[in-house]
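*Asks:* Mind folding the following:
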Amino acid sequence: MDDKIFYITIFISVLIAVIILFFVVSIVLYHRRYIQLQRERITAEITILENERKRIAADLHDSMGPLLSTIKLNIHSIAVADERDQQVIAKSSRYIDEVIRGLRQISHNLLPATLERKGLTEALREFIRQLSDKQPLEIKFHTSGKIDIRPEKEIHIFRIIQEIAHNTLKHAKATQLQIALTREHGFYLILIKENGIGFDVKKARTESSGLGMKSLDIRTDILGGSLSIDSVPGQGTNYFVKIPEG
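*Replies:* Numbers count the residues shown, from 1 in each chain. Just a heads-up that it's a prediction; the model follows:
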């Protein structure tokens, strides 16, 4: 009788252990699948966003700009004798020039023309130059090795650096930002350091509701690389991205 109770107890214990193991494995698999679905969703959002940026930038550059220039020429072709009418035409022409410059800037922000024409390094130099002209932030940019990245990868690297720079300006209260892009042993390496107030990286990754922090991880995944963020509140932040060639 005692042996029977013993075996029944063993059987029930093993059954309970199997059931618990089944639920644990199911939860782990569900969590992994959930994370994968989240990443796929954000990847799709980023892809759609880039395609829309490219389309809108092309529309502004190829359609709206020439159209406004034509309107300006037509306005100047109007012959008027009244001085006040001439002043109105001159003022309208200046307004059109301002709109054209604004459209060019918007088009550039959506998709830097330099990135397509001259490549990643020059596009980054231009971006940093424009940022330094508008913000009280000392930015240093350094490259080494042959930076020859495929266009479909360049846009993601550019956006990663752009996002970190904008986050630094918006949140870090930093006075210095150092950006290094190098090529070593079959990898492209991005090291970004800033001397701001720092932040809780784990909390930012888990609680961030926007695309900012998530897009850094997803874009790095798209590139087949890795992203490391080292930050301590009050001691600044270091970003390290490692991307394989090819």
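
*Asks:* measure Asn29 to Asp221 for me?
*Replies:* Residue 29: Leu, not Asn. Separation of Leu29 from Asp221 (Cβ to Cβ, to the nearest Å): 20 Å. Any C-beta I mention is one placed from the backbone N, CA and C, and that applies to glycine too.

*Asks:* okay, these two: which has more neighbours?
*Replies:* Asp221 (15 against 10; other Cβ atoms under 10 Å).

*Asks:* what does the average pLDDT come to for the biggest helix by length in the chain?
*Replies:* Using DSSP state H, we find that the single longest helix of the chain is helix 2-59. In this model, helix 2-59 has an average pLDDT of 75.

*Asks:* What's the per-residue pLDDT of Ser209 here?
*Replies:* We have a pLDDT of 58 for Ser209.

*Asks:* Spit out the contact partners of Lys54.
*Replies:* Contact analysis of Lys54 by Cβ atoms under 8 Å, 6 or more residues apart in numbering lists 110-111.

*Asks:* which residues touch stretch 30-49?
*Replies:* Under the criterion Cβ under 8 Å, 6+ apart, residues 211, 214-215, 217-219, 221-222 lie in contact with stretch 30-49.

*Asks:* residues in contact with the host helix or strand of Asn238?
*Replies:* Secondary structure assigned from DSSP states H and E places Asn238 in strand 237-244. Contacts with strand 237-244, where a contact means Cβ under 8 Å, 6+ apart, come from 153, 157, 160, 164, 168, 172, 186-194, 196, 198-199, 220, 223-231.

*Asks:* Dump that strand to PDB, restricted to CA.
*Replies:* Provided in PDB are the C-alpha atoms of strand 237-244 (Å, rounded to 0.1, in the frame of the first residue of the first chain):
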ATOM      1  CA  THR A 237      26.100  58.400 -22.800                       C
ATOM      2  CA  ASN A 238      28.200  56.200 -25.100                       C
ATOM      3  CA  TYR A 239      26.600  54.500 -28.200                       C
ATOM      4  CA  PHE A 240      28.400  51.700 -30.000                       C
ATOM      5  CA  VAL A 241      27.100  50.200 -33.300                       C
ATOM      6  CA  LYS A 242      28.800  47.300 -35.000                       C
ATOM      7  CA  ILE A 243      27.700  46.500 -38.600                       C
ATOM      8  CA  PRO A 244      29.100  43.700 -40.800                       C
END
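
*Asks:* Tell me which residues of it come out buried.
*Replies:* By 16 or more other Cβ atoms under 10 Å, the buried positions in strand 237-244 come out as 237-239, 241-243.

*Asks:* If we ignore the residues flanking it in sequence, what's nearest the residue nearest the centre of the chain?
*Replies:* Among the residues of the chain, the one closest to the centroid is Arg159, at 3.6 Å (Cα atoms, centre = their mean). Spatial nearest neighbour of Arg159, chain neighbours left out: Arg219 (6.1 Å); criterion: Cβ to Cβ, 6 or more residues apart in numbering.
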